[in-house]
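Colleague: could you look at this predicted model? Sequence included:
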Amino acid sequence: RPATPPPAPAPAPPIDLAAVRSRLLAKKGEILALYRNDLRSGQESNDSPTEDIVDRANNAYSRELNFSISDVERARVLEIDEALARIEARTYGRCAHCSQPISAPRLEAVPWARLCVQCQELLEQGLLPEA
């Protein structure tokens with residue numbers, strides 16, 4: 001018996017792309033503003049000669065923590081840019097792996113999502129290759 005082909009992707013629900021684009025751009029602006037703030041405060045916080053070694057270590061740790069958080073936020077900006085590109089390419093709202101529609105609640109919660117919930121779970125379990 002021949003294998004049956006996979007079902008055709010279901011039609012994606014209508015998405016207000018202008019509203020999504022606005023949300024994505026606002027989030028990107030917010031992240032970039034926070035990042036610039038972190039950089040500015042990191043540059044301004046010089047170790048004082050009166051600080052003891054523990055204070056200097058704590059300040060260095062705080063600065064490093066701020067910059068590592070900024071790395072996460074920079075990755076988020078890239079995800080947002082990719083989502084904006086998907087809007088332009090008219091592929092926004094479709095899973096990048098299985099091509100099925102991404103649920104409206106997921107897109108509402110994570111507008112930069114590129115995978116549906118099922119594929120995201122597979123990715124997190126290590127069962128889906130990083131794309």
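Modeller: Thanks, I have the structure now. Please read these numbers as outputs of a predicted model, since none were measured by experiment. Residues are numbered from 1 along each chain as shown.
Colleague: how about the strands in this structure?
Modeller: Assigned by DSSP state E, the chain shows no strands.
Colleague: for it, name the helix or strand with the lowest mean pLDDT.
Modeller: Least confident helix or strand, the chain: helix 53-88 with a mean of 82, by mean pLDDT, DSSP states H and E.
Colleague: distance check, the residue nearest the centre of the chain against residue 99.
Modeller: Compute the mean C-alpha point of the chain, and by CA atoms, centre = their mean the closest residue is residue 76, 3.3 Å away. Distance from residue 76 to residue 99, counting by CB to CB, to the nearest Å: 24 Å. To be clear about C-beta, it is placed using only N, CA and C from the backbone, and glycine gets the same treatment.
Colleague: thought residue 31 was touching residue 79?
Modeller: No - with contact defined as CB atoms under 8 Å, residue 31 does not reach residue 79; the gap is 10.3 Å.
Colleague: which residues touch the closest residue to residue 74 other than its chain neighbours?
Modeller: Counting by CB to CB, 6 or more residues apart in numbering, the nearest residue to residue 74 once its immediate chain neighbours are dropped is residue 35, at 6.9 Å. With contact set as CB atoms under 8 Å, 6 or more residues apart in numbering, residue 35 has these partners: 70, 73-74.
Colleague: which of those has the most neighbours?
Modeller: Greatest neighbour count in the contacts of residue 35, by other CB atoms under 10 Å, goes to residue 70: 18 neighbours.
Colleague: roughly how far apart are that one and residue 84?
Modeller: 21 Å.
Colleague: ok, residue 117 next?
Modeller: 22 Å.
Colleague: likewise residue 20?
Modeller: From residue 20 across to residue 84, the span is 9 Å (CB to CB).
Colleague: the more surrounded of the two?
Modeller: residue 20 (20 against 17).
Colleague: check what pLDDT the more buried one gets.
Modeller: In this model, residue 20 is scored at 97, pLDDT.
Colleague: got the phi/psi numbers for the closest residue to it other than its chain neighbours?
Modeller: Nearest non-adjacent residue to residue 20, counting by CB to CB, 6+ apart: residue 111, 5.6 Å away. Main-chain dihedrals, residue 111, degrees, to the nearest 10: phi -60, psi -20.
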